[in-house]
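> would you be able to build a 3D model of this:
(chains A and B)
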Amino acid sequence: MVRFIHTSDWQLGMTRRFLSADAQARFTAARVDAIRNIGSVARERGAAFVVVAGDVFESNLVDRQLVLRALEALREAAVPFYLLPGNHDPLDASSVFRSKVFEDNRPPNVTVLDGDPLEAEAGVWLVPAPWRAKKWPGDTAAAALEQAAMLAGTKIVVAHGGNREFTPEVEYAALVDTANAEAAINSGAVQYIALGDRHSRTPLGTTGRIWYSGAPEPTEYRELDPGLVLDVQLEDGRCEVTPVKVAAWRFTESTGITLDTNADLARVRTWLDGLPAKERTILNLGFTGTITMALEAHLEEALDHYRSMFAAIERRPGDSNLVVIPAESDLSSLRLDGFALSAAQEIGASVAGEGPAADDAREALRLLHRLAGSVP
Amino acid sequence: MKFHRIRLTDYRGIRHCEFEPRESGVTVIEGENEAGKSSIAEALWLVFEQHDDSSSQLVKSLQPIGQDTGTEIEVDVSTGPYRFRYSKRFHKQHRTELTVLAPERETLTGREAHNRARAMLDETIDVALWKALRSQQGVEDSLEPPAAGEHPSLAGAFGEREMAVLKAAEAEFLRYYTQQGRERTGGDAVNLPRLRSAEEAAGAEVSRITARMEELEAKAQRGAELEKVLVETAAALLLAEERYAGLAAQDRARSEVSSRAEKLRADLQAREAEARKLAADADYRKKALEGIEPRRAELAAEEAKAAAQAPQLEALRQAFAEASLAADQAATAKVSIQQQAAFADDLVTLSGRQLQAEQMAERLDRLRKREPEIAELERWLADCRVNGKVLAELETLERQVNDLEVRLKAEAATVEITAERDAEITIMGTVVPLTAGQVRSGKVRGETVMTFPGGITVTLRTGSSARDVEADLRKKRELLTTRLEAAGATDLAAARSTLQERTVMDERLTQFTAQRTADLRDLGSADELAAKLDRERAAIEEILRNAGLQDAPTVDEAKARSVRLQADLAASETLRVAAEQARESARTVHEDGQRQASANAARLESLRHELDRAEQDLSRLTERQPDEELAAALTAAAEARTAAEAALSGALQELGGLDDVTAALREANIEREGLRQAQGSASREEAGIHAVLEAAGADGLHGQLVAARQQLDEASGECAAASRRAAGARLLFETLERTHDEAREGYSRPLKERIEALGRRVYNGTFEVDLSEDLSVTGRSLNGVKLELSQVSVGGREQLAVLTRLAFAGIASHDGGVPLVLDDVLGWADPGRLAAIGPVLAEAAGTNQVLLFTCSPERFASVSPARVIRLPGGQCSERIGPAADEELETVPPVKPRAAAASVSRPAAPQGAFAMFETDPAGGTQEG
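Residues are numbered from 1 along each chain as shown, chains lettered A, B, ... in the order given. This next block holds a predicted model:
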């Protein structure tokens, strides 16, 4: 029997553009902390080792300080880690795994899966399919599967790449071929295939032995089941895969929020107030409705308030479902008469449309509200 | 717009007030201060302005102090097509009620009623203008007249808040743009160009890092390719090395055999050379021996031949000596005869020369004799100093002296001294004794001093003429004496004699000199002639001596002798020529013989030398290697050559059995080197790429890219936000500015026309006003005199203000304007002006509704027709007609809630106003 942790797509050094510098620093730190979490999980569950199926680093050109921090976290994790170079950090001439800082500081419990099969435990073979260049190398898993067939014992193929089932739009000639992989499992040539690339935990095929572990920390709103590692147990023809939560961060998307009245806005506030771990939550909000300028101002005010609490709040780009119109009350609240009222009405007439002219009109009207409010 | 009825209840200090102003024209509301005039004015606006539930300070202040009651305002209004009753209760049980009576009846309450009432106003009047009028008068005006230059601005027509917003919008606009609408680039302003360039710079940085990363990725890709190339090259190199090693072994084996064959070939060649050398030695020795004997025989023959030639050569030398002597003798003989022939020729000329010598002796003799005489003559002539010219001068001088003497005698004073007794006188220092009776006379010349006895001195001076003649005479005499001395003559006669003698001497000298010249001919002197004569005589003697004669022969003898000697001379010349030819012939033969002998001797010597050398050479060879040894060596060399030939042949045979792999080896080497180079090149490139990537990795490009993108996002966001705000500010300001300008344009002309129309009624037809941009009156013109507003009197300014407000009220709506409230205006107008403006007010109000509040009723006595309501009593009366001092017609006050009665209907003064009270102290007094 062998028990190990299957994880992938750490993508250390990944950045999210909507994060502020402070939030980005925490986001990055969290991904390094995840390594320690994974170590704890492995130790607690008695896993013999951890397999990282590709994309350990976001890029081969990541900051060397980050590499040092990652190696330190790996060292502290105190279980054997087997790292597979993926498409983000291929084993090419610029490979971070070949860099001086990595080689000089690599702790003894860390091994880079750079080609040949490796006996991780007595009779337990890791057969890796590392990426050697950023350019798609073809179905690397296929070669590894062939290699594994020639070995005796428990064989775990570690590979990285997409699959037609999930990314049909990609025109790569061969990703990880499901039929081929299943055939290898079914023939007993391979006992488990640890895959990386998808950030959502996903099984491939129906054997129950081919898995994408997903990323240990979420990276996108629409990932399914992210933030997990897989606890894999292989024993006597049995394979048990248990997902274990390790993520600290959350991406939450809500794009159909109805907003027409002040009461709607109050509901939004209540919902936001109720969300936990705000400093580690990234939100993407989209509103639907027709609001007055006054309500829009209240909405902006509210979002500004919550932005200081959440890691980030994004608005769905071009939130065209939310229409801002100048209501009669908007204009009457200005308490203007004469030429100024004429000007307000004229600008207000342009607000409803779309395009730069309407944007300018909205901005002008906002300004007018502000200025009129400041005049006694 | 008209107010038909106004009712206030519990409004500030007013408990209850209700009245019906005139619909058209002036209603004068009179009352003491604090009678509540201003409250009424305020309520007319406030009823439309404030919601019944307003919690504003203003509304709160309406409630009478200390009373928890509702404040009520009710007005009956007509405006445009509308006629309505509008009431509002604030505070307790607040409510709003609107009953529209025309054009269609409708009843509204609450917010709806409020909005509807406002809408009707907005529709029918210029609310802003009405509001501006309100802010200028009534509730907010002080009673003070406007200060000079601070006439109320009619820009209030645009609303103070509105103008403040316009100013604020402009300030906002100027944060981004200059006055000219260009984007600001400096100062505290929002700098759009700088934001844009910051965005561009951030974008460029992202591009730069992206490009760098792409470049590094390409390098990484190349690195991967190189790794593959290196593996392939290493395998190919291994194969090439093996092939090369095999070929090299073959080549080495063949080279060894080849090298051995080459050595054997060299050995054979050495043997052959040795044998050739020995054979050559033997041959040489043989030929040397063979050459010596013939040379010896030849030498002997040549020596014999030389010995035979010696006597012949001697005979030739002798013959040449003899011929040479004969030729010399013949030449000597010819010279001797030639000499004699010359002498003979001299003799032929001898007699002529002798005659010539005699003639020369005669000439010489003559010359010698004349020489002393000529010398004497020349000396005399040289000493003689008289000539014709000198004599003529002497004669002239003597004549002049004589003439002067005669003139002196004639012109000199004569002194005659007669002695009376004996006495001595002194004349010019000379003592002259005079006897008694003696008379002495004399001529006075120059100055004569005479001393007479008795101490008398007489000085006599000639006249000037006599003195001049006397001086002239003295000079001439002295000159004559000097000239005579120079001529060497004692007197003139002697000079004349000397001149005669000189003439004779000159003639003689001329004659002698001609003779001498003839004798000397071309010679210079007698001595030269003497020398020439001596030479000629010696030549004659020599000719005779040469001829061996004592005397000279005759000419014929001499000629015969000469002919004879010429014949002898020709003969001797013939002999001499023949002898010379013989000598030259002998010389040639002799010299030929000598050359022949010399050549023979040289040849002989050469033969001897040659022979000696050959003999020495042979003997040396033999000494070094005796002939027997040479023969033995020759034999040994031949044998060695044969052996070497055999060895070489064997080696060549062996070589022929081995393949030549040189070309294949070369090719293998080229291939190997090519692969090595490719390997080296790829290794170096890979190392370079590795170094570059390692260094780039250390740069943390990924982090840089993240930071740069972040910066770009921020810059883009900031730029977009600023641009958006700037565009909004521009749109707002420009729209406000435009609508403001349009409004101003809309007011300006009608207002000016209206003010001037009113003013011409008050003043005269020349009245004009100037309006500023903000619709302030800045000046007025009357009777052609134009004054700035500050130059107009206080009263005049107040009148202008009233006219302006009237005009304003008139243009505020299209149907008779809006109600105009005037609160104690014209306080500074002089009585005359007040009297004039009263009818104007009344007339202007003919179309407008004017509510005129005053605490000085008498000041507006001239306003007529008008309705007059007196506070607090509420007495109501009507002034009818234009006369100011006309009796007031009393009319009854309106009843509460009653419809507007006809203004002409009289009413009891006390009825309607019974409940009207004021509370100046703000207290609550019922009653």
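> show me what counts as buried in stretch B:102-120.
B:108, B:113, B:114, B:115, B:116, B:117, B:120 (16 or more other CB atoms under 10 Å in any protein chain shown). No exception for glycine: its C-beta is placed from N, CA and C like everyone else's.
> just stretch A:198-216 next, same as before
So stretch A:198-216, judged by 16+ other CB under 10 Å, has buried residues A:198-202, A:204-205, A:207, A:209-216.
> care to break chain A down by domain?
Per the record, chain A has its domains at A:2-245, A:250-374, by automatic domain parsing.
> with distance to chain B as added columns, please give the ones you listed in a markdown table.
As requested, the domains of chain A are exported to a markdown table (distance: least, CB to the nearest CB, whole Å):
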| stretch | distance to chain B |
| --- | --- |
| domain A:2-245 | 3 |
| domain A:250-374 | 3 |
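> point out the most buried one among those.
domain A:2-245 (a mean of 20; mean count of other CB atoms under 10 Å in any protein chain shown).
> and the end-to-end length of that domain?
Terminal residues of domain A:2-245 are spaced 21 Å apart (CA to CA, to the nearest Å).
> quick one: average confidence on it?
Averaging pLDDT along domain A:2-245 gives 89.
> please apply the same query to stretch B:97-106.
With pLDDT averaged residue by residue, stretch B:97-106 scores 92.
> how about the residue nearest the centre of chain A, secondary structure?
With distances taken as CA atoms, centre = their mean, the residue of chain A nearest its centroid is residue A:219 (1.2 Å). With DSSP: H, G, I helix; E, B strand; the rest coil as the basis, residue A:219 sits in coil.
> who's in contact with it?
Listed by CB atoms under 8 Å, 6 or more residues apart in numbering or on different chains, the contact set of residue A:219 reads A:9, A:11, A:14, A:16, A:199, A:226, A:251.
> pull the number of nearby residues for the nearest residue to residue B:395 once chain neighbours are set aside.
Take residue B:395 and drop its neighbours on the chain: the residue closest to it by CB to CB, 6 or more residues apart in numbering or on different chains is residue B:492, 6.5 Å away. Residues contacting residue B:492 under the criterion other CB atoms under 10 Å in any protein chain shown number 16.
> and whichever residue of the stretch 1-150 of chain B sits closest to chain A, how close does it get to residue B:746?
In the stretch 1-150 of chain B, the residue that lies nearest chain A is residue B:128 (3.2 Å; CB to the nearest CB). Distance of residue B:128 to residue B:746, given as CB to CB, to the nearest Å: 11 Å.
> neighbour count: those two, which is higher?
Higher neighbour count among residue B:128 and residue B:746: residue B:128, with 24 against 15, using other CB under 10 Å.
> now the element after whatever helix or strand residue A:194 lives in, going C-ward?
Assigned by DSSP states H and E, residue A:194 belongs to strand A:192-196. The helix or strand immediately downstream of strand A:192-196 is strand A:202-203, counting by DSSP H and E.
> quick one: strands adjacent to the helix or strand following that next one?
Using DSSP H and E, the helix or strand that follows strand A:202-203 towards the C-terminus is strand A:210-212. Strand A:210-212 has these partner strands in its sheet, going by DSSP bridges: strand A:192-196 (parallel), strand A:202-203 (antiparallel).
> mind listing the strands for the stretch 251-376 of chain A?
For the stretch 251-376 of chain A, the strands defined by DSSP state E, counting those that start in this stretch cover A:281-292, A:312-315, A:322-325.
> which among the ones you listed is found nearest to residue A:304?
Closest approach to residue A:304 among the strands of the stretch 251-376 of chain A is made by strand A:312-315 (9.2 Å; CB to CB).
> what does that closest one contact?
The contact list for strand A:312-315 (CB under 8 Å, 6+ apart) reads A:16, A:18-20, A:23, A:282-286, A:303, A:306-307.
> let's see that with 7 Å instead.
A:18, A:19, A:23, A:282, A:283, A:284, A:285, A:303, A:306, A:307 (CB atoms under 7 Å, 6 or more residues apart in numbering or on different chains).
> so which of those comes closest to residue B:82?
Checking the contacts of strand A:312-315 one by one against residue B:82 (CB to CB), the nearest turns out to be residue A:303, at 46.4 Å.
> so what's the closest one closest to, chain neighbours aside?
residue A:313 (5.9 Å).
> okay, the residue of the stretch 1-150 of chain B closest to chain A: pLDDT?
You'll see residue B:128 listed with a pLDDT of 73.
> kindly list the main-chain dihedrals of it?
Main-chain torsions, residue B:128, degrees, to the nearest 10: phi -60, psi -40.
> that one contacts residue A:338, correct?
Yes: between residue B:128 and residue A:338 there is a contact at 3.2 Å, judged by CB atoms under 7 Å.
> who does the helix or strand containing residue A:5 touch, helix- and strand-wise?
Assignment of secondary structure by DSSP H and E places residue A:5 within strand A:2-7. Applying 3 or more CB pairs under 7 Å, 6 or more residues apart in numbering or on different chains; DSSP states H and E, we find strand A:2-7 packed against helix A:21-45, strand A:49-52, strand A:228-235.
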